[in-house]
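Participant: have a look; sequence and predicted model below, questions after that.
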2 protein chains.
Amino acid sequence: MSPRTKSSTPGAPTIVDVARAAGVSKGLVSLAVNDRPGVSDATRARVREAAEQLGWRPNLQARTLSTQTTYALGLVLRRDARIVAADPFYPAFMAGIESVLSTQGRVLVLSVVGDAEAEERAYRSLAADRRVDGVFLNDLRHGDDRVALLAELGMPGVLIGRLDHPGGLPAVVLDDRPGVVAAVHHLADLGHRELAYVAGDPALQHARTRRRAFEEAVAARGLTPTAVVDTDFTMAGGATATAALLEGRLRPTAVLYANDPMAVAGLGALQRAGVRVPDEVSVVGFDGTELAHHTWPALTTVRSDPEQWGAAAARTLLALTSTGSAPDVELAPAELVTARSTGPAPALRQAQGT
Amino acid sequence: MSPRTKSSTPGAPTIVDVARAAGVSKGLVSLAVNDRPGVSDATRARVREAAEQLGWRPNLQARTLSTQTTYALGLVLRRDARIVAADPFYPAFMAGIESVLSTQGRVLVLSVVGDAEAEERAYRSLAADRRVDGVFLNDLRHGDDRVALLAELGMPGVLIGRLDHPGGLPAVVLDDRPGVVAAVHHLADLGHRELAYVAGDPALQHARTRRRAFEEAVAARGLTPTAVVDTDFTMAGGATATAALLEGRLRPTAVLYANDPMAVAGLGALQRAGVRVPDEVSVVGFDGTELAHHTWPALTTVRSDPEQWGAAAARTLLALTSTGSAPDVELAPAELVTARSTGPAPALRQAQGT
DNA sequence: CTGAAAGCGCTTACAG
DNA sequence: CTGAAAGCGCTTACAG
């Protein structure tokens, strides 16, 4: 390497190049471009122009070292590769996050981990290496210990969904319940009396919320659930649960699933068993994914908006990291979208009753 | 803030704390922990022990500032949110990348962008801000200008797939063709003579490769494709293309799709039109996603391994960034997995011939 | 309103 | 084999 005279290198210009060009000290350049007080308008303009001319961008690493902020946000996904692949929620959610980060010069750091220990390690090393200024707390679990973990690490975080012990963290919430309730009423109005629910992983807060909404809505119609089956949110789980429902003492005339992938798998399982949908059994999904439009019959489903959710979460986390606090955000609730997979309860079943 | 005496703060320990504890200079600590020559074994051990005792981890930002490496890799996804959500390839691919990065203290920086300009901006700012040490070049396009862009930016990159003008970049390749060829033979062996292909976005290299493999395999069996339709790889595109095939002069007895989401949508479109699968029309997907197992009938598909692909790509990019070069990698080729969506050609059609 | 200096926490020639 | 110093490129009190 040749001896490099400071700032005369062919590489990217630095703050001292700008200072020299503007005829000021580099400290002043920093104040000027960061809109801090203590710089005359004339000087500020001169500095700005010099920076522009030289095409200078402040070096992010250097800035990070002195300000202790990284201009990056973190998302940790805990689930095995196959499940990640099948669930359309996260890609859309991440696209929503990106839609706001990209306009702010911020960046998303992603970790995909397989189990609980790896998840904790991931949060710890994001913190230890100061990789990110804050994290999204997604897939909230009942009694989630990540709230305490973040507190220990001194890391800002935003809750994606509602938590029973929020621990002072702001939450960005999309209420699932109205959609579930609407689905139950839709089916009850169609004459169904035997409704079954294929729930998600009971460790997950939103799985419990949806399940409870189902149970309460059914009760509100004076009915009792024919069956409720917990699963792991996977297609395989949805198929297995559906098979179990078909073997049950009382066969449901309608099945609601806690997400679209399970509903699709359930639809397949019903058809495989020779059950006609919706003639014999109606099917309802959850998430309103593109997939739901393209099955046959198309799925009645409950539409949330993962992209909006991601965008709102990113805005909230950004506010939190810069001001130290942020208000909760309540998004438009999930709503029912009806399609061909639901229809009148079969007359036969209606006649035979319970 | 209280006046902070250097390194006596309650915060994380720094290299000078370790140096003091070990009774050496901080430069020596650096040499010792980074396994550089010029440190006696005894001293190295002493330094190591001190570091361990204090629980010291070198500050990543500081290290980045002096070494000019960020220990992060970048992936830019260009596609709108809905398509990202429906395509199971990327989540699995990213999980594969993570499986190697997480063991190396590396991290994945993700950008999701909507169009070509945003994509270029994304690569440029990853480079300008030195966010990453290298990037994955995915969704390779015919005459892809990102190869030139990376050269301009001086940014290492790895090709995900084969490119006609690799530009000196290492490639990690999974050959799609054997799977497509096997699918064609499978159908031809079942007596099909009227094969149609629903291709992906013709701007994408792998869409072209798969399409060509189909055409060549059909020709090899002495047949002519009944139809070949280009799409955009979306479910909507698959449904539309399928509807068009049904209205064509000659109806195919088998349709191959360039990915599973399109095949699922195609299956739905066929069933919606009252066409029985596989009795009247056989259907073949591509990707071997979980989705394919759960439709009814389950899809015959061509299985690739996105997770392996991601892991191999990460290893290659890591090698490239650290040594300056890396060999191409050829993964196990895609292979056919048969299921219920393919069956013998309908006798009726066989009789009436072309 | 402005300059000169110290500091963020590392790495890396350069002397001994 | 080891120490003292300069440097990475910023930001931020502290004096004037």
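Facilitator: It's in.
Participant: quick check: residues of chain A near DNA strand C?
Facilitator: A:1, A:23-28, A:31, A:37-43, A:62, A:65-66 (C-beta under 7 Å from any atom of the strand). Where you see a C-beta, it was placed from the backbone N, CA and C, and this is true even at glycine.
Participant: kindly recompute the last result at 10 Å.
Facilitator: Residues of chain A lying close to DNA strand C (C-beta under 10 Å from any atom of the strand) are A:1, A:3, A:15, A:19, A:22-32, A:36-44, A:46-47, A:61-68, A:130.
Participant: just the buried ones from these, in PyMOL syntax?
Facilitator: Command for PyMOL that selects the buried part of the residues of chain A next to DNA strand C, burial taken from 16 or more other C-beta atoms under 10 Å in any protein chain shown:
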select buried, chain A and resi 15+19+22+24+28+29+30+31+32+39+43+44+46+47+61+63+64+65+130
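Participant: residue A:199 is in contact with residue A:230, correct?
Facilitator: Yes - proximity of residue A:230 to residue A:199 meets the contact threshold set by C-beta atoms under 8 Å, at 5.0 Å.
Participant: anything in contact with each of those two?
Facilitator: Contact criterion C-beta atoms under 8 Å, 6 or more residues apart in numbering or on different chains; residues bridging residue A:230 and residue A:199 by contacting each: A:207, A:211.
Participant: quick one, which of the two is more surrounded?
Facilitator: The neighbour count for residue A:230 versus residue A:199, taken as other C-beta atoms under 10 Å in any protein chain shown, is higher for residue A:199 (25 against 18).
Participant: skipping adjacent residues, who's closest to the more buried one in space?
Facilitator: Of all residues not flanking residue A:199 in the chain, residue A:211 sits nearest, at 4.3 Å (C-beta to C-beta, 6 or more residues apart in numbering or on different chains).
Participant: let's see the helix or strand hosting that neighbour as PDB, backbone CA atoms only.
Facilitator: Residue A:211 is located in helix A:205-220, with elements delineated by DSSP states H and E. What follows is helix A:205-220, C-alpha atoms only, in PDB (Å, rounded to 0.1, in the frame of the first residue of the first chain):
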ATOM      1  CA  GLN A 205     -51.100 -15.600  22.100                       C
ATOM      2  CA  HIS A 206     -52.900 -14.900  18.800                       C
ATOM      3  CA  ALA A 207     -53.800 -18.600  18.500                       C
ATOM      4  CA  ARG A 208     -55.500 -18.400  21.900                       C
ATOM      5  CA  THR A 209     -57.200 -15.200  21.100                       C
ATOM      6  CA  ARG A 210     -58.700 -16.500  17.900                       C
ATOM      7  CA  ARG A 211     -59.800 -19.700  19.600                       C
ATOM      8  CA  ARG A 212     -61.500 -17.900  22.400                       C
ATOM      9  CA  ALA A 213     -63.200 -15.500  20.000                       C
ATOM     10  CA  PHE A 214     -64.600 -18.600  18.200                       C
ATOM     11  CA  GLU A 215     -65.800 -20.200  21.400                       C
ATOM     12  CA  GLU A 216     -67.500 -17.000  22.700                       C
ATOM     13  CA  ALA A 217     -69.200 -16.400  19.300                       C
ATOM     14  CA  VAL A 218     -70.500 -19.900  19.200                       C
ATOM     15  CA  ALA A 219     -71.800 -19.600  22.700                       C
ATOM     16  CA  ALA A 220     -73.400 -16.300  21.800                       C
END
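Participant: quick one: whichever helix or strand comes after that helix to chain centroid distance?
Facilitator: Later in the chain than helix A:205-220, the nearest helix or strand by DSSP H and E is strand A:227-229. In terms of C-alpha atoms, centre = their mean, to the nearest Å, the centre of strand A:227-229 is set 26 Å apart from its chain centre.
Participant: who touches strand A:227-229?
Facilitator: Counting by C-beta under 8 Å, 6+ apart, strand A:227-229 makes contact with A:196-199, A:211, A:214-215, A:241, A:244-245, A:248, A:250, A:252, all of which sit outside it.
Participant: hmm, the following helix or strand past that strand touching chain B?
Facilitator: Downstream of strand A:227-229, the next assigned helix or strand under DSSP H and E is helix A:235-247. Yes - Helix A:235-247 comes into contact with chain B (C-beta under 8 Å from any C-beta of the partner chain), by way of A:235-236, A:238-239.
Participant: again, but for stretch A:31-41
Facilitator: No - using C-beta under 8 Å from any C-beta, we find that stretch A:31-41 stays clear of chain B, coming within 15.3 Å at best.
Participant: mean confidence for that stretch?
Facilitator: Per-region confidence: stretch A:31-41 scores 85 on mean pLDDT.
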